[in-house]
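Asker: Model the following, please.
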Amino acid sequence: MFRRDYLMNMIEQMTEAIGQILQLKRELKHQEALLVIDELLDKRFGLSGKLIRSLSDKDLMAVLTTNGIIETDKIQAIAVTFKQESELHAELGNEDASFVSGLKAVQLFMRLSLVGAEPTIVNPTKEAEQLLEQLKAYELPAHAKQLQAEWLEGEGQFARAEDVLYELLEDEVIAKEEVEAFYRRILFCEDERLEAGGLPREEVQYGLESLQA
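Answerer: Below is the predicted model:
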């Protein structure tokens, strides 16, 4: 009962806040909308906005985990807030600020998706896919690409995961053993799942043999 009431209250607060932000956007009051976001980050999540902004996505997940239970609802709300902030900065022409906020949001959504978070506020998987599409014009940092590869593998998008892993390999961020481990893991998948992921078994085996040659 308590969790349901808490969740309903959070959804109501987020709906109200996002509605306010969207209304300010329509009125072209982008700076005022950004102030609403600052207030939202500072007062709604039990952490200061400064701390939320300074923590990495991984550390934020850790901070919002108690006794092994991740506060996924709260993290979804934070990710949604960063997504809105990214869109506001984009409309203002602040590309760097838009990228920073968008990157924070997409990494949180990918992590939520990886832990199987319930889509209580938004669908983390769909949000991650949408934001990755929006950010494809940018070169993602190596740590974000590593998370992206893990997320794509988890989603069964094996061909896309392979592409990202080879980018990391070419940039000498990872060793070929990590790509080999990826191939070995997915070899346990059924043929239908491999084909649906764009990487049939024969291509997986060929990729593994090529790395070992």
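Asker: Low-confidence ranges, this structure, go.
Answerer: Counting by pLDDT under 70, the low-confidence segments of the chain come to 1-7.
Asker: max-length helix in the protein?
Answerer: Within the chain, and with DSSP state H defining each element, the longest helix by residue count is helix 2-26.
Asker: List the contacts of that helix.
Answerer: Taking Cβ atoms under 8 Å, 6 or more residues apart in numbering as the criterion, the residues outside helix 2-26 that touch it are 30, 32-33, 36-37, 40, 44, 73-74, 77, 80-81, 84, 87-88, 91, 120-121. For every residue, glycine as well, the C-beta is placed using N, CA and C.
Asker: what's the answer for stretch 45-56, then?
Answerer: With Cβ under 8 Å, 6+ apart as the test, stretch 45-56 has contacts from 38, 41-42, 60, 63, 74, 77-78, 104.
Asker: Domain ranges for the protein, per the record?
Answerer: Following automatic domain parsing, the chain resolves into domains at 1-136, 139-213.
Asker: can you redo the ones you listed as TSV with mean neighbour count?
Answerer: What follows is those, written out as TSV (neighbours: other Cβ atoms under 10 Å):
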stretch	mean neighbour count
domain 1-136	17
domain 139-213	16
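Asker: quick check: angle from the helix or strand Val36 falls within to helix 2-26?
Answerer: Using DSSP states H and E, Val36 maps to helix 30-43. An angle of 160 degrees separates the directions of helix 30-43 and helix 2-26 when computed by axes from the mean of the first three to the mean of the last three Cα atoms, to 10 degrees.
Asker: can you list contacts of helix 30-43?
Answerer: 17, 20-21, 24-25, 48-49, 52-53, 78, 81, 84-85, 88-89, 91-92.
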